[in-house]
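Engineer: I would like the atomic coordinates for the input below:
(one chain, ligands or ions: 1)
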Amino acid sequence: MRARLLALLLLTHLTACGEAPPDLAEGKALYDLHCASCHGLKLEGQPNWQRRLANGRMPAPPHDESGHTWHHPDEVLFGITKHGMVPPYAPPGYKSDMLAFGGVLSDGQIRAVLAYIESHWKSPEVLAAREQMLRGAKRR
Ligand code: HEC
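Structural biologist: Okay, here's the model as predicted:
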């Protein structure tokens with residue numbers, strides 16, 4: 001009974017604060033299932049990810065600190081994951097192997113995957129650079 005009441009209180013609290021915080025365990029499970037085949041189980045990306053493939057497309061970049069995912073604001077990462085590499089994230093007609101997950105994952109699931117990816121950005125240098133980038137992005 002008490003546990004139920006507590007759960008109810010927690011639920012009311014979460015609802016009152018807007019959306020529930022993204023669930024990292026769910027994010028990892030979704031990442032392993034939907035993203036790891038290209039971006040790597042350890043977020044390491046495809047080998048030689050900075051070199052264009054023979055078909056003219058780019059390989060999947062790492063999502064860890066060695067890549068450039070952290071250079072982008074959350075809205076951009078969300079948009080790319082939901083819609084793929086289409087305008088405004090890429091020029092019109094841009095050909096990419098990155099899939100659009102809009103029909104596969106809910107917005108909440110996309111946020112959970114991105115929160116899982118972001119939980120890998122830990123070094124003070126990357127966190128400071130990201131913070132500065134986000135401040136610049138807001139000013140625009
Ligand atoms: C079939 C392979 C494939 C899968 C699966 C895939 N991606 Fe990608 N992703 C790519 C490729 C290739 C790129 C590079 C696109 C380009 O530059 O043309 C990319 C780029 C991205 C970028 C932009 C990174 C940057 O720094 O610009 C994000 C964000 C991203 N993917 C997120 C995800 C997420 C989240 C998932 C899982 C839900 C996922 N991707 C699944 C192939 C894939």
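
Engineer: In the helix or strand where Ile117 lies, which residues are buried?
Structural biologist: Using DSSP states H and E, Ile117 maps to helix 107-118. Buried residues in helix 107-118, counted by 16 or more other C-beta atoms under 10 Å: 109-118. To be clear about C-beta, it is placed using only N, CA and C from the backbone, and glycine gets the same treatment.

Engineer: Where does the prediction get shaky in this protein?
Structural biologist: 1-19, 139-140 (pLDDT under 70).

Engineer: how about the residues of it that lie near the ligand?
Structural biologist: 34-35, 37-39, 57-61, 67-69, 72, 77, 80-81, 85, 96-99, 101, 113 (C-beta under 6 Å from any ligand atom).

Engineer: For PyMOL, what selects the buried ones among those?
Structural biologist: Those of these that count as buried under 16+ other C-beta under 10 Å are selected in PyMOL with:
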select buried, resi 34+35+39+58+59+60+61+67+69+72+77+80+81+85+98+101+113
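
Engineer: From the residues of the chain next to the ligand, which land in strands?
Structural biologist: Residues of the residues of the chain next to the ligand located in strands (DSSP state E): none.

Engineer: Which one of the buried residues of helix 107-118 is nearest to the ligand?
Structural biologist: Val113 (4.8 Å; C-beta to the nearest ligand atom).

Engineer: which residues touch that closest one?
Structural biologist: For Val113, the contact set (C-beta atoms under 8 Å, 6 or more residues apart in numbering) comprises 27, 30-31, 34-35, 81, 105.

Engineer: Switch those over to JSON lines; also include distance to Glu44.
Structural biologist: Formatted as JSON lines, those follow (distance: C-beta to C-beta, whole Å):
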{"residue": "Gly27", "distance to Glu44": "17"}
{"residue": "Leu30", "distance to Glu44": "18"}
{"residue": "Tyr31", "distance to Glu44": "13"}
{"residue": "His34", "distance to Glu44": "16"}
{"residue": "Cys35", "distance to Glu44": "12"}
{"residue": "Thr81", "distance to Glu44": "18"}
{"residue": "Leu105", "distance to Glu44": "22"}
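
Engineer: For the buried residues of helix 107-118, please prepare JSON lines with the additional fields distance to Leu43.
Structural biologist: As requested, the buried residues of helix 107-118 are exported to JSON lines (distance: C-beta to C-beta, whole Å):
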{"residue": "Gln109", "distance to Leu43": "18"}
{"residue": "Ile110", "distance to Leu43": "16"}
{"residue": "Arg111", "distance to Leu43": "17"}
{"residue": "Ala112", "distance to Leu43": "15"}
{"residue": "Val113", "distance to Leu43": "11"}
{"residue": "Leu114", "distance to Leu43": "12"}
{"residue": "Ala115", "distance to Leu43": "13"}
{"residue": "Tyr116", "distance to Leu43": "9"}
{"residue": "Ile117", "distance to Leu43": "7"}
{"residue": "Glu118", "distance to Leu43": "11"}
